[in-house]
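Enquirer: Provided below are the primary sequence and the corresponding predicted coordinates.
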Amino acid sequence: RRTRVLLTGDSMITRRVTRTLDPAVQSLIELVQSADIAFTNLEVLPNDFRGYPVEESGGTHLAARSWVLDDLLDFGFTLFACANNHSLDYGIEGLLATIEELEAREVSFAGIGRNLDLARAPAYLEHRGGIAALLACASTFAKGQQAGAQRPELPGRPGLNPLRVETTYEVTPQQLAALREVAEALGLEQQRLERIQLGFAFPPDDPEVFPFLEARFRAAERPAVRTVPHRRDLEAILTWTRDARRRADLVIVSVHAHEQGATKEDPAEFLFTFAHAAIDAGADVV
């Protein structure tokens, strides 16, 4: 038996959806409900506005009444990715309220959790054709919104499943020399070296990389922006993907990213690396 999978983009629902008078909505409901698995990215906090708006949001503070979940479930959605740049618009309290609403309805969701392991762990959905697994992560989020690991001496930090990105700006040797000259003239390079000497900072792993103003620069033949997934984040997500492959008939990996290549239509370089690695680890869909 073939499994029919329906995939949508972002559900940014903040009000009741017209369901009885609009034929187009009715046809959409029928389409969603005809699928064995219906996926959406929940890019809103159905937390009844619990928590407090954070200083840095994903453009606006996206919260809603918890009945948004009921509407989406009635629509026919069965699998929810929750890691995105709005996951912590209302801080940790707002995130925990959202998790409570999801759990109360026994929703299959992934990408957020009370600690890092729970945020990284796959969600499983039993459907007519077997078992599906979902892993969800985000590369676009504000500082400190990533979940923290649970340890014997302290609790984990609630948050999202992070796929951090390491960006290196390649410039010509002449441009790099100019940046070094500016850094030395402003005293910034001396301060950086002093922090390393005192143990408050570390030199870059690549000796050819020059850190300047919280960015990384390297000499090359022509200017370019190079991005790679953070190694530890990538390894952790792939470990969970391989585990899901052993347990599920279908594995879906979702990544929420605002980073781009040359244009908004071109994915950033790290997304190709991530997608290929996830498929090699067992993902059927990225």
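Expert: Yep, that arrived. Residues are numbered from 1 along each chain as shown.
Enquirer: how about the helices of the chain, start to end?
Expert: For the chain, the helices defined by DSSP state H occupy 23-33, 67-75, 91-104, 116-120, 173-185, 188-198, 231-247, 269-281.
Enquirer: now the third one, how far from the chain's geometric center?
Expert: Read it as helix 91-104. Its chain's average C-alpha position is 17 Å from that of helix 91-104, according to Cα atoms, centre = their mean, to the nearest Å.
Enquirer: Which strands or helices does that helix pack on?
Expert: Here helix 91-104 touches strand 112-113, going by 3 or more Cβ pairs under 8 Å, 6 or more residues apart in numbering; DSSP states H and E. No exception for glycine: its C-beta is placed from N, CA and C like everyone else's.
Enquirer: Between the helices of the chain, which one is closest to Pro204.
Expert: helix 188-198 (10.2 Å; Cβ to Cβ).
Enquirer: Buried residues of the closest one, list them for me.
Expert: Across helix 188-198, burial judged by 16 or more other Cβ atoms under 10 Å covers 189, 192.
Enquirer: Over to stretch 214-226?
Expert: In stretch 214-226, counting by 16+ other Cβ under 10 Å, buried: 216-218, 220.
Enquirer: Identify the single longest strand in the protein, thanks.
Expert: Counting residues, the longest strand found in the chain (DSSP state E) is strand 130-138.
Enquirer: that older thread, same list (the helices of the chain) but as CSV, adding distance to Gly144.
Expert: Below are the helices of the chain laid out as CSV (distance: least, Cβ to Cβ, whole Å):
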stretch, distance to Gly144
helix 23-33, 35
helix 67-75, 26
helix 91-104, 10
helix 116-120, 13
helix 173-185, 27
helix 188-198, 21
helix 231-247, 15
helix 269-281, 21
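Enquirer: most tightly surrounded among those helices?
Expert: With neighbours taken as mean count of other Cβ atoms under 10 Å, those reach their highest mean count in helix 116-120, at a mean of 21.
Enquirer: Specify the beta-bridge partners of Thr168.
Expert: Counting by DSSP bridges, Thr168 is bridged to Arg226.
Enquirer: before we move on, the earlier item: from the chain's centre, how far out does the longest strand of the chain sit?
Expert: The chain centre lies 13 Å from the centre of strand 130-138; the measure is Cα atoms, centre = their mean.
Enquirer: Could I get the average pLDDT for stretch 224-234?
Expert: The average pLDDT for stretch 224-234 rounds to 96.
Enquirer: What pLDDT is listed against Ala24?
Expert: Taking Ala24 on its own, its pLDDT is 85.
Enquirer: Could you measure from it over to Leu31?
Expert: 11 Å (Cβ to Cβ, to the nearest Å).
Enquirer: for Ala83, same thing?
Expert: According to Cβ to Cβ, Ala83 stands 25 Å off from Leu31.
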